[in-house]
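Chemist: Have a look; sequence and predicted model below, questions after that.
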Amino acid sequence: MKTKYLRQLVIAAALTVGGASVAAADCPVKVGVALPTSVDWGKPIAETALWVADMINEAGGVDGCPVETILRDTQVDAKVGVDAAKAMVDLDKVQLMMGAVSSGVTLPILTSVTVPAGVMQISCCSSSTRITGLAEEGSTKGLWFRTFATSNVQSAVLTKLAKDAGYGKVTVFYKNDDWGQDMASLLDNALKASGIEVAASIAITDNQPSYRAEVTEALGGNPDAVILALYPKEGIAVTREWISLGGTTKMVGANSLRSEEFRDAVGMQYLGDFIGADTSSPRTASASAFVEAYKAKFGGEPSGPGLPNSFDAAAISLLAYHAAGNGATGAEIAAKVPMVTDPAGEPVDANVEGFKKAMALLSEGKSVSFQGGTGAVTFDANGDVSAPAVSWVFTETGIDERQYIPLEEVNAFIQSLN
């Protein structure tokens, strides 16, 4: 069932709007989707976004026009991502871009493609605080939004998990890109503020033949545990090397490792003490409804990273596009996002009937409060959101949540570090 959503071009053949048939050839609304479909954890993120587009089309389309989603693979590579985004902007003339996942891909797309072209960009999963800095100085021109909390939240939760586990000294392995460097800096500050010694903070660069030198350096610090701010590809290589050289199996991992690929490649026999951190949906009816709808659609739990966030990013941006109207510019679409996420607006559900209701109200110039997979989403002036968190563990059958950490508790812990 899932594979039907991973198509390079999604075109609705026809829609019925207000009793009139609207052919796709008459007025397709082209939307760019730049996501890492070539990696196992990226495919469900893309499938979820395309599922939303299908529901929007079933509900009547954007301003009465079918949505044509143009999906291009970014891999986890900045150059590939920029080339994909540039093609969609230059050739397909999109005014809305969904993506990317990795901050190391999202940042160059934002700064070199979407903002210069005046295209709105929304990400489900990029967390680097560098983007917040760009927004604060006005460099994103109000065109940027994300439905995933910043790295400040995840670094704090990783620190909390390490502290709760009683680890007094840790080594940090981080991906040597924008996201990883941001995480390393935030972790260094948070860990030290919580009284945990950082034995070493070691950058891991992609596609190295071996990480023996980095692991040997880390072993020299004799840490109680390691914190892994890595993606599965390099995470697998580093963890295997670490274990083979006698490193502890006490590991704390970022949400990027919430992947069965990582679990299977490393082996459950070495992951019994592993605990991961991730942001979470709040415990709301809309979040529960998303889980049930996802299971009904795809036949399994939405256990991978960023799935409710991908759903909400797609839904909010497409509803904003509807409010702005077919032919709207990226800036005009972005300007309508507050109408979709207005706390005082009419609550609307994340399903076909909810989308129909939302589009009718938006067409009348009224605002709505979209209730999605991550709850009632609201953005700050920088396009950022806040979120509660969870800890999670690997099991023989999948990935299970261990503890829910409410937003108030997350914020209180962050405040305690200042």
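Modeler: Thanks, I have it. Numbering: from 1, shown residues only.
Chemist: Where does pLDDT dip in the stretch 51-200 of the chain?
Modeler: By pLDDT under 70, the stretch 51-200 of the chain has no low-scoring segment.
Chemist: can you give me the helices in it?
Modeler: Along the stretch 51-200 of the chain, counting by DSSP state H, counting those that start in this stretch, helices occupy 78-90, 103-109, 115-117, 129-136, 151-164, 178-193.
Chemist: Adding distance to Val39, write those out as a markdown table.
Modeler: Yep, even glycine has a C-beta here, placed from its N, CA and C like the rest. Shown next, in a markdown table, are the helices of the stretch 51-200 of the chain (distance: least, Cβ to Cβ, whole Å):
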| stretch | distance to Val39 |
| --- | --- |
| helix 78-90 | 12 |
| helix 103-109 | 12 |
| helix 115-117 | 26 |
| helix 129-136 | 22 |
| helix 151-164 | 19 |
| helix 178-193 | 15 |
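Chemist: was I right about Phe355 contacting Ala59?
Modeler: Yes - here Phe355 reaches Ala59: they are 3.8 Å apart, a contact under Cβ atoms under 8 Å.
Chemist: still on that earlier bit, redo the helices of the stretch 51-200 of the chain as a markdown table? Include distance to Gly306 and mean neighbour count.
Modeler: As requested, those are arranged in a markdown table below (distance: least, Cβ to Cβ, whole Å; neighbours: other Cβ atoms under 10 Å):
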| stretch | distance to Gly306 | mean neighbour count |
| --- | --- | --- |
| helix 78-90 | 16 | 20 |
| helix 103-109 | 12 | 26 |
| helix 115-117 | 23 | 17 |
| helix 129-136 | 16 | 19 |
| helix 151-164 | 12 | 25 |
| helix 178-193 | 13 | 22 |
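Chemist: Centre-most residue in this protein?
Modeler: Geometric centre of the chain, nearest residue: Cys125, 1.5 Å, by Cα atoms, centre = their mean.
Chemist: what's the distance between that residue and Ala285?
Modeler: When distance is defined by Cβ to Cβ, to the nearest Å, Cys125 is 24 Å away from Ala285.
Chemist: cool, and Ala100?
Modeler: 30 Å.
Chemist: more crowded one of the two?
Modeler: Between Ala100 and Ala285, Ala100 has the larger neighbour count (other Cβ atoms under 10 Å), namely 34 against 10.
Chemist: Mind jotting down where the helices sit in the stretch 201-350 of the chain?
Modeler: Counting by DSSP H, counting those that start in this stretch, the helices of the stretch 201-350 of the chain are 212-220, 232-244, 260-266, 285-298, 307-324, 330-340.
Chemist: In terms of secondary structure, what does the shortest one contact?
Modeler: Applying 3 or more Cβ pairs under 8 Å, 6 or more residues apart in numbering; DSSP states H and E, we find helix 260-266 packed against helix 232-244.
Chemist: for the fourth one, same thing?
Modeler: Using 3+ Cβ pairs under 8 Å, 6+ apart as the contact test, the elements touching helix 285-298 are helix 42-58, helix 307-324, strand 368-372, strand 375-376.
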